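Undergrad: Could you look at this predicted model? Sequence included:
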Amino acid sequence: MDDVLRLDAVGQAQAVRDGQVSARELAEAAIAAIEAHDGVLNAVVFRRFERALAEIDAIPADAPFAGVPILLKDLGWRQAGEPYAAGSNVREGVEVTEDGYAVTRLREAGFVVLGRTNTPEFGSTITTEPVAFGPTRNPYDSAYSAGGSSGGSAAAVAAGMVALATASDGGGSIRIPASLCGLVGLKPSRGRISLGPVLGEGWSGFSCPGFVTRTVRDTAAALDVVSGFQPGDPYDAPALPGPLAAEAGRDPGRLRIGYLTTHPRGDVPEVPELTEAVTRAAALLESLGHDVEPGGPDALGDRDFTGHFGAIVANNLAAQVESLGETRGKPVEPEELEPRNAAMVSAGRGHGAAEHIRATQWMDGFRRRMAAWWTAGHDLLLMPSLGVAPFPLGWIPPEDLSIAFGRTAHVVSYTSPVNATGQPAISLPLHTNAAGLPVGVQLVAATGREDLLIRVAAQIEQVRPFEHRAMEPLA
């Protein structure tokens, strides 16, 4: 059964169809893997094993992923009747009454939902160490962070509990844990996946759902399942030429690719292992026939970006906490929140409506300045997936907010601008550092060009198959 668990989700679905394993046997094997590994990792905060097994017989045999186990991130991916904490104790007693549109599509596709994964409180930081549930540990080294905010999902997939898990990305929260856990993580274009029916947008359009996976084809096939505009959505991503699953293996053609090994803003320290990762990836892409040259969008060097981005996130968090207080029938007090979030909510409440609108208008201009680099003839931008080396648990101090916010800003320096523009970006596990920890690199495409990212990522994967952690008991 271990051999089947090592398959990706597409392979597991085929194994069920071929009769190599039953859906129940596959789910039971995944449950056993969670029970074997999660005592150390702390990736799965809510388990629904009995309910999941009871649902299997009702799954249509012709569903594309009939019987494939999956875990849902406990942020954004709401499932009716199931707990939903968003990494916090503040939501205790607040019920979820309906599935999110994307969760409905996953279940219609035949996925078996085994539980929910750990996330930092309200997903507002880049390491998964919530006070409410404790830290999630990296499967490659349990002293290290699995990243955030999709750290629970990434750790679970990297440890072989499931082949893929849901995630979301508001400032790098898919790509950062994918990089730290040696996985594939694609942040889709804004509007590609609906956030309904509860939300129209997250963080003023910065945030979007996605997945962490072990293979490019899993990322493509899973996005095909959940993508699509829903009536009332505020955005609709440009149409793709066809299913993303069909793009894996398709020739991307000769592409013009720029790359960055240092941040043009000038305030992000250069990290040798990140420079090495990008340099090697650039050489690999050149060997595949692409035109690769140093450089990227001038707009990335704008020092005003961080302040505007942080203000918009703080404003959204303040509104989220106020809304939660109304839902539960009593205001959320600052002492109920982790210090980081209490400070962000306070800052958000101090901003006026005009300030928020001006910040979003600044982002409109930033988005157009960024887009100009792609419209001028570039196809892809290659750069680090995060701005620092893999870091240990506790590196983001919960009490020293000055250090915490400064380090967080460095981590998201390469990812958050792409959230602001709404472009698709993918992190690929192409490097390891001297300590054996994964280091990802990121490719960014023009808005709507997930198809191009899948083509190139699959081309890379074919010549440099991704290596993943062996599934042995963790210590």
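TA: Good, I have the coordinates. The structure presented is a predicted model; accordingly, all values stated were derived computationally and were not measured.
Undergrad: Residue 264 falls within a strand, correct?
TA: No: judged by DSSP: H, G, I helix; E, B strand; the rest coil, residue 264 forms no part of a strand; its state is coil.
Undergrad: residues contacting the residue lying closest to it once chain neighbours are set aside?
TA: Distances taken as Cβ to Cβ, 6 or more residues apart in numbering place residue 301 nearest to residue 264, at 3.7 Å, with adjacent residues excluded. C-beta: built from backbone N, CA, C; applies to glycine. Neighbour list for residue 301: 263-266 [criterion: Cβ atoms under 8 Å, 6 or more residues apart in numbering].
Undergrad: any idea whether residue 35 is helix, strand or coil?
TA: helix.
Undergrad: Can you tell me how far it is from residue 155?
TA: 15 Å (Cβ to Cβ, to the nearest Å).
Undergrad: in the protein, which spans are strands?
TA: With strands called from DSSP state E, the chain shows them at 44-47, 69-73, 112-117, 137-138, 141-145, 164-169, 184-187, 208-213, 256-259, 291-294, 380-384, 425-432, 438-445.
Undergrad: Counting by contacts, list what the last one packs against.
TA: It stands for strand 438-445. Here strand 438-445 touches helix 175-181, helix 272-287, strand 380-384, strand 425-432, helix 450-463, going by 3 or more Cβ pairs under 8 Å, 6 or more residues apart in numbering; DSSP states H and E.
Undergrad: Pick the most deeply packed of the ones you listed.
TA: Counting by mean count of other Cβ atoms under 10 Å, helix 175-181 has the highest mean neighbour count of the helices and strands packed on strand 438-445, with a mean of 34.
Undergrad: Neighbour-wise, give me the winner out of the contacts of residue 301.
TA: Neighbour tally across the contacts of residue 301 (other Cβ atoms under 10 Å): the maximum, 20 neighbours, falls on residue 263.
Undergrad: Would you check that that residue makes contact with residue 302?
TA: No: look at residue 263 against residue 302 with Cβ atoms under 8 Å: they stay out of range, at 11.4 Å.
Undergrad: among the helices and strands packed on strand 438-445, which is nearest residue 326?
TA: When the helices and strands packed on strand 438-445 are compared by Cβ to Cβ, helix 175-181 sits nearest residue 326, at 31.4 Å.
Undergrad: helices or strands next to that closest one in the packing?
TA: helix 151-158, strand 184-187, strand 208-213, strand 425-432, strand 438-445.
Undergrad: So which residues of the stretch 201-350 of the chain form helices?
TA: Assigned by DSSP state H, counting those that start in this stretch, the helices in the stretch 201-350 of the chain fall at 216-226, 272-287, 305-328, 339-350.
Undergrad: Dump the ones you listed into JSON lines; add mean pLDDT and distance to residue 438 as well.
TA: Formatted as JSON lines, the helices of the stretch 201-350 of the chain follow (pLDDT from 0 to 100; distance: least, Cβ to Cβ, whole Å):
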{"stretch": "helix 216-226", "mean pLDDT": "98", "distance to residue 438": "16"}
{"stretch": "helix 272-287", "mean pLDDT": "98", "distance to residue 438": "10"}
{"stretch": "helix 305-328", "mean pLDDT": "97", "distance to residue 438": "26"}
{"stretch": "helix 339-350", "mean pLDDT": "98", "distance to residue 438": "26"}
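Undergrad: so which of those helices comes closest to residue 373?
TA: Nearest of the helices of the stretch 201-350 of the chain (Cβ to Cβ): helix 305-328, 14.9 Å.
Undergrad: Tell me how far the one residue sitting closest to the centre of the chain lies from residue 73.
TA: Centroid-nearest residue in the chain, with Cα atoms, centre = their mean: residue 174, separated by 1.6 Å. The spacing between residue 174 and residue 73, counted by Cβ to Cβ, is 10 Å.
Undergrad: Same check on residue 267?
TA: 31 Å.
Undergrad: what about residue 35 and residue 155, which has more around it?
TA: Neighbour count, other Cβ under 10 Å: between residue 35 and residue 155, residue 155 has more, with 35 against 13.
Undergrad: So for that one, what pLDDT did the model give?
TA: The model reports residue 155 with a pLDDT of 98.
Undergrad: Touching, it and residue 139? I think so.
TA: Yes: taking Cβ under 8 Å as the definition, residue 155 is a contact partner of residue 139 at 5.7 Å.
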